[in-house]
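Participant: Quick one: sequence and predicted model below, then my questions.
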Amino acid sequence: MTLVSDIILPIFGLVILGFVAGKVGWIKTTAIEGLSTFVFTFAIPVMLFRSIALADLPEDIPWVFLSGYYGATLLLFAVTLIIGRLLQLDGVASSIFAMSASYSNVVLLGIPLIVASMGDDANVPLFIIISTHAAVMFLITTFCAETARGDRQNLATLPYQTLLVLARNMIVVGLVLGLAVNLSGLALPRTLDNMAAYLGSAALPCAVFSMGASISQYRISGDLLKISLAIGLKNLLHPLLVWLVCSQLLDLPASWTAVAVILAACPSGINAYLFANRYQAIVPSTATVVVLSTLISIPVLSLVLFLMVKGV
């Protein structure tokens, strides 16, 4: 109960406060955009930069951990892709449907939850997923959507386009710079460290508030069957699959398994809606999945945190 009252309720309380503020107009659309820009461009990149710069990194790349999380996640993506075709969705719409059921909100919700519940012990596995998540999920979704459209020209430039997008992502830049500082063995100057700590302390509350405010802009509509399936797969099956692979098949350390499962239990990420809008495929349903998946994730994440963190 302490875990729920100390971590879940404050974090989701800020999400709900942001949602209400955006829905009733207490915070304007321009202010929401400005807050999101601050979160993604400054607060979270600086927080991640400092965390990784000071972290005790493993000597070797933990391929087993990566294969555990992404093996389960891409299996779910493939299964959902097939379900989408069985539901008479075309190839592009099925790709977006699969993304909405397997792409977690690892930045705006995953980071605050894991930092608050697990502290510095979770920095390394969290960094590993955060630094690869967008690249893996954007790449597979774009590949499937472009293949369905038959656009071979876009497929040929897909790796370059993905690298370009990541290079412009300040979160990725923050992680890379933090890694460079860590590997160099240099210590952060005290003034710079204090500035980063102050700015980073604003990251988590601003991130969850801006998330609530952002999803308040989406209308709830679309196909009820597809919405229900996507939410069930994302909120329930995704964390279960990751837990089975990481703990039962690969026998990963408890703290690393906990990070993977918590991230998998996070709701569908806002980028799924952005992809739907980009391809103009099942836009209303995807927006609704993002909103309702976030609300439904409250009890699910409460249970996951209780079960996973107590065993660490």
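Facilitator: Ah, there it is.

Participant: CA atoms for contacts and neighbours, from now on please.
Facilitator: Noted.

Participant: Low-confidence stretches in the stretch 151-300 of the chain?
Facilitator: Residue ranges of the stretch 151-300 of the chain with pLDDT under 70: 151-158, 165.

Participant: please redo it, this time with the cut-off set to 80
Facilitator: Scanning the stretch 151-300 of the chain for pLDDT under 80 picks out 151-169.

Participant: Okay, helices next: where are they in it?
Facilitator: Remark: helices assigned in the stretch 151-300 of the chain by DSSP state H, counting those that start in this stretch are 152-156, 158-167, 170-184, 190-201, 203-215, 224-232, 238-243, 254-265, 270-279, 283-309.

Participant: orientation of the last one relative to helix 203-215 in degrees?
Facilitator: If you take axes from the mean of the first three to the mean of the last three Cα atoms, to 10 degrees, helix 283-309 sits at 150 degrees to helix 203-215.

Participant: Kindly report the same for the fourth one.
Facilitator: Interaxial angle of helix 190-201 relative to helix 203-215 (the same axes, to 10 degrees): 40 degrees.

Participant: Remind me what helix 190-201 packs against, helices and strands.
Facilitator: Where contact means 3 or more Cα pairs under 8 Å, 6 or more residues apart in numbering; DSSP states H and E, helix 190-201 is packed against helix 44-54.

Participant: neighbouring contacts of stretch 199-206?
Facilitator: Residues outside stretch 199-206 that contact it (Cα atoms under 8 Å, 6 or more residues apart in numbering): 11, 14, 35, 39, 42-44, 46-48, 108, 111-112.

Participant: and what of stretch 177-185?
Facilitator: Residues external to stretch 177-185 that are found in contact with it (Cα under 8 Å, 6+ apart): 48-55, 187.

Participant: In that stretch, which residues are buried?
Facilitator: 177-179, 181-182 (16 or more other Cα atoms under 10 Å).

Participant: do the same with stretch 283-296
Facilitator: Buried, per 16+ other Cα under 10 Å, within stretch 283-296: 283-296.

Participant: Tell me the one among those nearest to M170.
Facilitator: Closest approach to M170 among these (Cα to Cα): V290, at 23.0 Å.
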